[in-house]
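J.: From the sequence below, what's the structure:
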Amino acid sequence: MPPRPRFDRRAPVRELPNINERINYPKLRVVDADGTQLGVISREEALDVSKDRELDLVLVSEKADPPVCRIMDYGKFKFEQEKKAKEAKKKSHQTEVKEVKMRYKIDQHDYAVRIGHATRFLKAGDKVKCTVIFRGREIQHTALAETLLRRMATDLEEQAEVQQAPKREGRNMIMFLTPRKSPLVKKETDDSSPKKTIRTITTPPRASVSKTPIKQKPTNKN
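T.: Model prediction:
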């Protein structure tokens with residue numbers, strides 16, 4: 001028995017579509033391009049009609065009796081099918097769990113970087129696992145780690161909902177965030193309540209007293 005070649009350089013066999021002359025059934029039920037039923041006609045008659053329309057004869061139901069064909073623009077039909085397949089693939093995003101790790105003594109710059117990563121994961125439709133790692137005696141400061149995780153949930157509340165509150169697991173404390181399904185509605189301050197008016201009492205201006213010099217009477221010197 002000859003050895004099997006390591007690499008098969010032959011081109012893969014492509015499954016050709018059943019259109020036009022590749023259709024071998026003698027009788028076909030044909031549907032025109034506008035949806036009109038042309039009835040059961042012979043293969044040659046169906047090919048003649050498709051050529052008159054300058055379109056293709058496409059086999060759409062092989063298991064029917066007789067098989068069903070449709071007259072259409074196969075190139076346009078194939079393009080639309082591929083476009084629908086791509087859109088369906090985009091919508092069928094599989095949710096993954098992305099992890100963001102940090103220490104409870106994280107500085108502000110590194111914290112902002114973690115927030116950016118979590119925001120990007122949430123916008124992509126993934127869940128986020130926020131993990132605070134303890135080392136050595138840091139396990140004694142679980143309260144600080146919980147405060148940090150709740151702060152993170154507050155900073156990401158526009159993009160995420162808390163799926164699992166902060167919880168200690170071994171030497172870690174974790175929290176799960178999931179993308180927010182409905183937009184966050186913040187409570188607005190009620191400005192309709194009447195405000196207390198402050199009454200100001202204005203004092204009338206004092207009448208200005210004009211100071212006129214007093215004339216002295218001349219004294220008689222005898």
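J.: The residue lying closest to residue 59 once chain neighbours are set aside - how many residues pack around it?
T.: Distances taken as Cβ to Cβ, 6 or more residues apart in numbering put residue 18 closest to residue 59, at 3.8 Å, once the chain neighbours are dropped. Every C-beta, even on glycine, is put in place using the N, C-alpha and C of the backbone. Residue 18 sits with 16 neighbouring residues when counted by other Cβ atoms under 10 Å.
J.: ok, so what distance separates the spatially most central residue of the chain from residue 49?
T.: Residue closest to the average C-alpha location in the chain (Cα atoms, centre = their mean): residue 123, at 5.0 Å. The gap separating residue 123 from residue 49 is 52 Å, by Cβ to Cβ, to the nearest Å.
J.: same check, this time on residue 155
T.: For residue 155, the distance to residue 49 - Cβ to Cβ - is 66 Å.
J.: do residue 65 as well
T.: Residue 65 is 21 Å from residue 49, where distance means Cβ to Cβ.
J.: Check which element follows the lengthiest helix in the chain along the chain.
T.: Counting residues, the longest helix found in the chain (DSSP state H) is helix 74-91. For helix 74-91, the succeeding helix or strand toward the C-terminus, using DSSP states H and E, is strand 97-102.
J.: returning to what we had before: per-residue confidence for the residue nearest to residue 59?
T.: At residue 18, the pLDDT value in this model is 83.
J.: tell me the strands in this structure, going along the chain?
T.: 27-31, 37-42, 56-61, 68-72, 97-102, 127-133, 160-169, 172-179 (DSSP state E).
J.: pLDDT on the fourth one, on average?
T.: The predicted model gives strand 68-72 an average pLDDT of 93.
J.: Distance check, residue 167 against residue 139.
T.: Residue 167 is 14 Å from residue 139, where distance means Cβ to Cβ.
J.: for the chain, where's the lowest mean pLDDT among helices and strands?
T.: The weakest-scoring helix or strand in the chain, judged by mean pLDDT, DSSP states H and E, is helix 74-91 (a mean of 85).
J.: Can you spell out which helices and strands pack onto that one?
T.: Taking 3 or more Cβ pairs under 8 Å, 6 or more residues apart in numbering; DSSP states H and E as contact, the helices and strands that helix 74-91 lies on are strand 56-61.
J.: follow-up on the earlier one: now the strands of the chain in CSV, with distance to residue 109?
T.: CSV is the format used below for those (distance: least, Cβ to Cβ, whole Å):
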stretch, distance to residue 109
strand 27-31, 66
strand 37-42, 71
strand 56-61, 61
strand 68-72, 60
strand 97-102, 12
strand 127-133, 17
strand 160-169, 22
strand 172-179, 21
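J.: Fine by me, we can end here.
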